[in-house]
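Undergrad: Sequence first, then the predicted structure:
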Amino acid sequence: MPKQFSDLGISAPILKAITELKIVVPTEIQQKTIPLLLSNTTDLVGLAKTGTGKTAAFGLPILQLIDTNLPVVQAVVLVPTRELGHQIFRNLEDFAKYLPQVSIAATCGGIPIKPQIERLATPTHIVVATPGRLIDLIQRKAINLKETKFLVLDEADEMVTILKESLDEIVAELPKTHNTFLFSATMPGTIKQLIQNYLNKNVVQVSANMETIGNQGIDHEYIVVDPIEKLDVLMHFLNSKEGERGIIFCKTKAAVNKLAKNLAINRFSSGALHGSLSQGIRDRIMEQFREGHINILVATDLAARGIDVKEISYVVNYHLPDVYEAYVHRSGRTARAGAKGLSLTVLQPEEVVEIADFEKELGIKFTQFKKPTVASIEENNTLLWAKQIFKTKPNHDVAPELKEKIKTVFHHLTKDELIEKLLANYILQNKNEPTEKPVKRLKKN
């Protein structure tokens, strides 16, 4: 029988909250980490892939160790992005539903600092922060970390550059007797250096393999396309996933904008997410995605960090990531909380040889996704054309006299006859054109 959270030493109020959240069976990283953190005796390095429940692995024991009689900051959780910060803040608030005396604050960059300073003027036990904003608060003497017992570095591999520059200043504010818990999906040399410099020499390292509850449900697949057909193949795939939510990853902001524009032209319910957008726009797009108002996010790697939406059924790597850990973080956006998910990588022929390296490095197995036929792609493009017509808003600037003349041209036709003629006209126009032309031509209409 698998272990329960009660076996790990989690207290009744927290058990009640996580049971209501349907968090019942601890993942491997949670089983290994929670008892160690509750013992409150050691620094810890937790190595586990995205989606394996790291937030609960450190969040549950820290909540339990908070002394609510002391109105001071007792734990700081550092994160690479504001999106991830607010996700962790929401998770901790949910876990602490029946611990009303525990006070949690999010102090991340990208939004005005004044409300955060005002919030920290009231008793606060746990602070979730981005490094830059935390240093700003320290320099303004708006936060006191002199009695902080726990420092958590979450997704450390994604903020290693920032940490190298700022960790000295943060650690200088902490008492000498504090514990550091570092969590990472990968262990590059730069992270090993951080561990050596900032964690106790007797640090305990725990790791969870890929086959955890959060990740075993991911199907890793790839599809091989020529550059000229890449967009059409993606459109075909997205049409087959109509009504489902997914994220498409691109390497650059320019690629995100270009692809998002093509999706909008073809009337897909989508939004773009990258670092050059204002925080307000990013927040609005994320909220629309969480609420189900848009189904597809087109994003860069860093912008998509912190997206923890359970119903993401697929991830598309429109461009192969440069580093293995980026693939781990991308694919980890799907198959959350034990659900199933698909991670589809779109490759050009010369990139296929790299799949074996990804398999070897990450301990996963890819299967080939069946490429649609030319006829199927043409049919899909015709459907996209029809949907575009259906979703086009009437132009009220057209003169009534012209509308009447147009109506006169068509007034003898039945609905079926009109559709037949429109379809025949579309096919005639596209008969001798390459497959990517319909998408490009639709842009002009």
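TA: Done, it's in. Keep in mind the model is a prediction, meaning the values are calculated, not measured.
Undergrad: Can you name every helix or strand that the helix or strand hosting Met286 contacts?
TA: Applying DSSP states H and E as the criterion places Met286 in helix 279-290. Judged by 3 or more Cβ pairs under 8 Å, 6 or more residues apart in numbering; DSSP states H and E, helix 279-290 is in contact with helix 82-95, strand 270-273. Yep, even glycine has a C-beta here, placed from its N, CA and C like the rest.
Undergrad: So which of the ones you listed is the most surrounded?
TA: strand 270-273 (a mean of 24; mean count of other Cβ atoms under 10 Å).
Undergrad: Could you check how far it is from the centre of its chain?
TA: Relative to its chain's centre, strand 270-273 lies at 12 Å (Cα atoms, centre = their mean, to the nearest Å).
Undergrad: What strands flank that strand, and is each parallel or antiparallel?
TA: Partners of strand 270-273 in the sheet, by DSSP bridges, are strand 296-299 (parallel).
Undergrad: What about the nearest residue to Ala75 once chain neighbours are set aside, how many residues nearby?
TA: Distances taken as Cβ to Cβ, 6 or more residues apart in numbering place Phe150 nearest to Ala75, at 4.1 Å, with adjacent residues excluded. As a burial measure, Phe150 scores 22 neighbours (other Cβ atoms under 10 Å).
Undergrad: Who does Phe150 form a beta bridge with?
TA: Going by DSSP bridges, Phe150 forms beta bridges with Ala75, Asn179.
Undergrad: returning to that earlier point: between the helix holding Met286 and helix 82-95, how big is the angle?
TA: Counting by axes from the mean of the first three to the mean of the last three Cα atoms, to 10 degrees, helix 279-290 lies at 50 degrees to helix 82-95.
Undergrad: when you give positions from now on, start the count at 48
TA: Let's use 48 as the start, then, which means that last one is helix 326-337.
Undergrad: neighbouring contacts of helix 326-337?
TA: Contact with helix 326-337 is made by 129-130, 157-158, 292, 318-320, 324, 341, 344, 350, 354, 356, as judged by Cβ atoms under 8 Å, 6 or more residues apart in numbering.
Undergrad: can you list those in JSON lines and add distance to Tyr145 and pLDDT?
TA: Shown next, in JSON lines, are these (distance: Cβ to Cβ, whole Å; pLDDT from 0 to 100):
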{"residue": "Arg129", "distance to Tyr145": "28", "pLDDT": "85"}
{"residue": "Glu130", "distance to Tyr145": "27", "pLDDT": "82"}
{"residue": "Gly157", "distance to Tyr145": "31", "pLDDT": "80"}
{"residue": "Ile158", "distance to Tyr145": "29", "pLDDT": "86"}
{"residue": "Arg292", "distance to Tyr145": "31", "pLDDT": "91"}
{"residue": "Gly318", "distance to Tyr145": "36", "pLDDT": "92"}
{"residue": "Ala319", "distance to Tyr145": "39", "pLDDT": "92"}
{"residue": "Leu320", "distance to Tyr145": "34", "pLDDT": "89"}
{"residue": "Leu324", "distance to Tyr145": "37", "pLDDT": "84"}
{"residue": "Ile341", "distance to Tyr145": "34", "pLDDT": "92"}
{"residue": "Leu344", "distance to Tyr145": "33", "pLDDT": "94"}
{"residue": "Ala350", "distance to Tyr145": "34", "pLDDT": "65"}
{"residue": "Ile354", "distance to Tyr145": "27", "pLDDT": "70"}
{"residue": "Val356", "distance to Tyr145": "25", "pLDDT": "74"}
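Undergrad: Now for those: which two are most distant?
TA: Spatially, the most separated pair among the contacts of helix 326-337 is Ile158 and Arg292, at 25.8 Å (Cβ to Cβ).
Undergrad: These two: who's more crowded?
TA: Taking other Cβ under 10 Å, Ile158 and Arg292 do not tie; Arg292 has more neighbours (20 against 16).
Undergrad: what pairs with the residue nearest to Ser378 when sequence neighbours are not counted across the strands?
TA: Once flanking residues are discounted, Ser378 sits nearest to Ser390: 3.9 Å by Cβ to Cβ, 6+ apart. Per DSSP bridges, the residues bridged to Ser390 are His267, Val362.
Undergrad: what's near enough to touch Ser390?
TA: Ser390 neighbours (Cβ under 8 Å, 6+ apart): 265-268, 361-362, 364, 377-378, 381.
Undergrad: do the same with Ala307
TA: Ala307 touches 317-319, 345, counting by Cβ under 8 Å, 6+ apart.
Undergrad: Kindly reformat the residues you listed as JSON lines containing distance to Leu112.
TA: Converted to JSON lines, those look like this (distance: Cβ to Cβ, whole Å):
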{"residue": "Ser317", "distance to Leu112": "43"}
{"residue": "Gly318", "distance to Leu112": "39"}
{"residue": "Ala319", "distance to Leu112": "41"}
{"residue": "Val345", "distance to Leu112": "41"}
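Undergrad: Pick out whichever of those residues sits closest to Val119.
TA: Comparing these against Val119 with Cβ to Cβ places Gly318 closest, at 40.4 Å.
Undergrad: Kindly list the main-chain dihedrals of Phe228?
TA: phi -120, psi 110 (degrees, to the nearest 10).
Undergrad: tell me the contacts of it?
TA: With contacts defined as Cβ under 8 Å, 6+ apart, the neighbours of Phe228 are 84, 90-93, 105, 197-200.
Undergrad: and with 6 Å instead?
TA: Shown in contact with Phe228 (Cβ atoms under 6 Å, 6 or more residues apart in numbering): 91, 105, 199.
Undergrad: Now Lys211: which helix or strand?
TA: Going by DSSP H and E, Lys211 is in helix 207-218.
Undergrad: packing partners for that helix?
TA: helix 178-186 (3 or more Cβ pairs under 6 Å, 6 or more residues apart in numbering; DSSP states H and E).
Undergrad: Can you name every helix or strand that the helix it packs on contacts?
TA: Helix 178-186 packs on helix 207-218, going by 3+ Cβ pairs under 6 Å, 6+ apart.
Undergrad: contacts for the helix it packs on?
TA: Helix 207-218 is contacted from outside by 178, 182, 237, using Cβ under 6 Å, 6+ apart.
Undergrad: what's the helix or strand for the last one?
TA: For Thr237, the enclosing helix or strand under DSSP H and E is helix 236-245.
Undergrad: Downstream of that helix, the next helix or strand is which one?
TA: strand 251-254.
Undergrad: Now do that next one: everything it contacts.
TA: Contacts to strand 251-254, defined as Cβ under 6 Å, 6+ apart, come from residues 79-80, 89, 91-94.
Undergrad: Just those: which are in helices?
TA: 79-80 (DSSP state H).
Undergrad: hmm, back to that, just the buried residues of the contacts of helix 207-218.
TA: With burial judged by 16 or more other Cβ atoms under 10 Å, the buried subset of the contacts of helix 207-218 is 178, 182.
Undergrad: List just the nearest of the contacts of helix 207-218 to Lys450.
TA: Of all the contacts of helix 207-218, the one sitting nearest Lys450 is Pro178; the distance, using Cβ to Cβ, is 60.4 Å.
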